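Participant: For reference, the sequence and a predicted model appear below.
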Amino acid sequence: MIWRPSKLGTLVLLFGAFFAVCEVYGTFLYFWAQQGAIDYIVLMGCGIAAGVALIPPLADIAKRRKWHGLRALMWLALPLAMLVVIFAGLQRTGLSTDTAEQARADSGIKRADAQRRKTKAEADLKALGSVSKKADAEAEVKKLKLDRLYARSARCENVTTNESREFCRALADAQREETNAIEAERLSKIVDDAARELVTLGAGGQDSLAYRIAGYTRGAVTEEQVRLWQPLFIPVVGSLFAALFLTMGVRMDFHTSETEPKMPRPTLLGRIAGAFRRERKVPAPRVARVPPPMPTNVVKMQPKQKRAIDPKPLIAYMAQRVPEADGALAEWGDILKGFRRWHAVQDAGTELYSAADFGLVLAAICEKADIRVLTKGDKVFCVDRKVT
């Protein structure tokens, strides 16, 4: 396998790795919470979660390398691993439902207790009737205790005159009002605390995620359906996305390549037959043939002299009709056609290039002028040049 990374392939691989890591991490947290320590079940669950994501790309590699046995084994292991993930999701669904039911039951008990306390406090507060404020009642009591009759009557314990009797009766009323004010303040606090607790608990302890999804879908998906399917849906979809993205990324970035073509491997009978043939017949060493002597009366031919090619016409054409243009590509075939038309108009009197000579001269010009050359298939282009 040869890794030839590309931007898209690398991005797809990163997506696949992200989903795989999320599923493995979620599986680890779930089994850790159930077992309380790292043991065989935790490691096995993490391995299966990773296997669901890794088996498809490995099976694809086995298919391209023609490892049919390994590929068949992997495709047999994938449904088993997927079944384990589904069963784990179903178990999570049961735990989630049980936990939600227990939370709702606990919330119902707390709500009933808060409602009971609020109702009783409101009834007691209503029974008190209209009372003064605590501060006003306390101020009135303090004011009466500063009166001379309070000290003369020994704090209303030795009442001998009518004046003292009236004063002590007024003091008793003020103290009773103070007691009622204190009790009213205590009951009001109980009512306020119970009301806040009822608001916090909500209607039976709602699941915020399920509540929002039900609201966004306008009731098409209920809260109960979200709580029921979310623990199963998320792990299965995460595993499928991880397998899909990893398979696509591996196929885009990892390529099969053989440096030398492999010869078909002989069978066992073929190897035995070849061994008998080698023992029975030993090939004679090959003797290289000596070429016959060349006749000495042949006139020695002179080497063919290379014909000089004048590059000036093509240089002039490139300067006039193939200017610089950022991002443009000038195909050599178009340059040759334009050059021939330009040459006919110019009537330069020079010999027109052949296609082979044109390619040699244009290659030399591009090399000297630092013009980048790009090859796509059977076509050659001058980069950042445009034929006008």
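Facilitator: Received the coordinates, thanks.
Participant: I'd like the distance between the residue nearest to Ile309 when sequence neighbours are not counted and Ala308.
Facilitator: Distances taken as CB to CB, 6 or more residues apart in numbering place Asp357 nearest to Ile309, at 5.3 Å, with adjacent residues excluded. For the C-beta atoms, the positions are set from N, CA and C on the backbone; glycine is no exception. Distance from Asp357 to Ala308, counting by CB to CB, to the nearest Å: 11 Å.
Participant: re earlier: tell me how far the residue nearest to Ile309 lies from Leu336.
Facilitator: Going from Asp357 to Leu336 by CB to CB gives 11 Å.
Participant: How about Lys376?
Facilitator: Distance from Lys376 to Leu336, counting by CB to CB: 17 Å.
Participant: same deal with Thr27?
Facilitator: Computed as CB to CB, the Thr27 to Leu336 distance reads 65 Å.
Participant: ok, these two, which is more surrounded?
Facilitator: Shown here are Thr27 and Leu336; by other CB atoms under 10 Å, Thr27 has more neighbours (26 against 16).
Participant: quick one: that one and Leu43 touch, right?
Facilitator: No - counting by CB atoms under 8 Å, Leu43 is not a contact partner of Thr27; they are 10.4 Å apart.
Participant: Now find how far off-centre the particular helix or strand that has Asp384 in it is within its chain.
Facilitator: Counting by DSSP states H and E, the element that carries Asp384 is strand 379-385. Remark: strand 379-385 is offset 40 Å from the chain centroid, using CA atoms, centre = their mean, to the nearest Å.
Participant: for that strand, packing partners?
Facilitator: In this structure, strand 379-385 packs against strand 324-331, helix 332-346, strand 373-376, with contacts taken as 3 or more CB pairs under 8 Å, 6 or more residues apart in numbering; DSSP states H and E.
Participant: run the last query once more with 10 Å
Facilitator: Helices and strands touching strand 379-385, by 3 or more CB pairs under 10 Å, 6 or more residues apart in numbering; DSSP states H and E, are strand 324-331, helix 332-346, helix 355-368, strand 373-376.
Participant: Serialize these to CSV and add fields for mean pLDDT.
Facilitator: Shown next, in CSV, are those (pLDDT from 0 to 100):
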stretch, mean pLDDT
strand 324-331, 90
helix 332-346, 88
helix 355-368, 88
strand 373-376, 89
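Participant: and those as a markdown table, adding distance to Leu146?
Facilitator: Converted to a markdown table, the helices and strands packed on strand 379-385 look like this (distance: least, CB to CB, whole Å):
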| stretch | distance to Leu146 |
| --- | --- |
| strand 324-331 | 99 |
| helix 332-346 | 115 |
| helix 355-368 | 114 |
| strand 373-376 | 107 |
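Participant: For Tyr150, which of those is the nearest?
Facilitator: Of all the helices and strands packed on strand 379-385, it is strand 324-331 that lies closest to Tyr150, at 104.3 Å by CB to CB.
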